[in-house]
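[1] return atomic coordinates for the entry below.
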Amino acid sequence: MSRFPPTGMDMVNRRETRWQAGAGDEECNRAILVSVSTFDHGVPLCKRPGAKKDNKRLHRTLTRLGYKVEIHTDLNAQEILTLFKTESERKVKECFLAVLSSHGEDGCVFGADGQPVRLSHIFSCFSNTHMESKTKLFFIQACRGGELDDGVTVETDSAGSDGTEDTLCQYLSIPMDTAVMYATTPGYGAFMHPLGAVFLQTLCILLEEEGGGAMELTRLLTRLSHRVAFHFEAKGCVFGGKKEMPCFVSRLTREVFPFARPEKGGANGLSTTTLVDTVYNRPRKPSIS
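    Next up, the predicted model:
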């Protein structure tokens, strides 16, 4: 069982920004951690004490892997969107990574002012020349609805037409060479515990394990999904027995090793983001099926 059994769902000091270089001021891989743990007075959203634990561990883990890490806490909706617009125009060596942690619904996360930030607006910021050919990774720790996962496979169309449209818009806005990992599937809640979110804490555990950072990204994310889905189960009277199933969306055009230690490079000495088999890059005549 997980070491992080939740006591509630992640749903229903100010403006702090902290920075520490993982590789100096030169061009390098960058990571930003954007989390909301305390909401403005009058906003009907509960505090998220585990977010600070997540920030601390993510900062330590990613810095050791060579990332320059910035932490931004309790920003309002406009500040979050402005931050990502700015980040999308900054230099990055090979990989840009972002963690968004807050209350949310499918297609959005909430700022400290309780206003939604559309994920599609954030993703679309990175369709520019600054981020062209760079690997972009997003980890979203937020609810995507109010359903609870019983850990069984069911057929459902519960998203409805509006939910389907929002999800489609969200996915279509993801730029090339980007992977987005969600803590949970559309329509379901994501769990948070005072010791940290099971999704983000498990990510750190995998990256800290021997050989974890050397894995190709899609393999790592698959292992993350498996570990959360099968090793975690909520406890307590209200949520006891409930599960969480992460999922990811990829528009990657190559295999990437974004967490390979800088001094070791990627697998077999490859760059952290380039592994392309040129055999498949032959020109083809256009055709219509």
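
[2] show me where pLDDT drops low in the stretch 101-250 of the chain?
    Scanning the stretch 101-250 of the chain for pLDDT under 70 picks out the ranges 148-168, 232-241.

[3] which residues of it fall in strands?
    Counting by DSSP state E, counting those that start in this stretch, the segments of the stretch 101-250 of the chain that form strands are 104-105, 108-110, 116-118, 135-141, 178-182, 191-192, 247-250.

[4] adjacent strands (with direction) for the first one?
    Okay, so that is strand 104-105. strand 108-110 (antiparallel) (DSSP bridges).

[5] who touches the strand it pairs with?
    Residues outside strand 108-110 that contact it (C-beta atoms under 8 Å, 6 or more residues apart in numbering): 36, 39, 45, 77, 80, 100, 102-104, 116-119, 140, 142. For every residue, glycine as well, the C-beta is placed using N, CA and C.

[6] please identify the most buried of the strands of the stretch 101-250 of the chain.
    strand 191-192 (a mean of 31; mean count of other C-beta atoms under 10 Å).

[7] tell me what that one is packed against?
    strand 8-9 (3 or more C-beta pairs under 8 Å, 6 or more residues apart in numbering; DSSP states H and E).

[8] how many other residues sit next to Gly111?
    24 (other C-beta atoms under 10 Å).

[9] neighbours of the closest residue to it other than its chain neighbours, just the number please.
    Leaving aside its sequence neighbours, Gly111 sits nearest to Ala77 (C-beta to C-beta, 6 or more residues apart in numbering; 3.4 Å). If you count neighbours by other C-beta under 10 Å, Ala77 ends up with 20.

[10] distance of Ala77 from Pro258?
    Separation of Ala77 from Pro258 (C-beta to C-beta, to the nearest Å) stands at 28 Å.

[11] same question, Ile140
    17 Å.

[12] try Met181
    12 Å.

[13] give the residues shared as contacts by the two.
    Both Met181 and Pro258 are contacted by Leu137, under the criterion C-beta under 8 Å, 6+ apart.

[14] hang on, the earlier thing: need the contact list for the residue nearest to Gly111.
    Ala77 touches Phe110, Gly111, Asp113, Gln115, Pro116, Val117, counting by C-beta under 8 Å, 6+ apart.

[15] give me the beta-bridge partners of Cys247?
    Counting by DSSP bridges, Cys247 is bridged to Tyr182.
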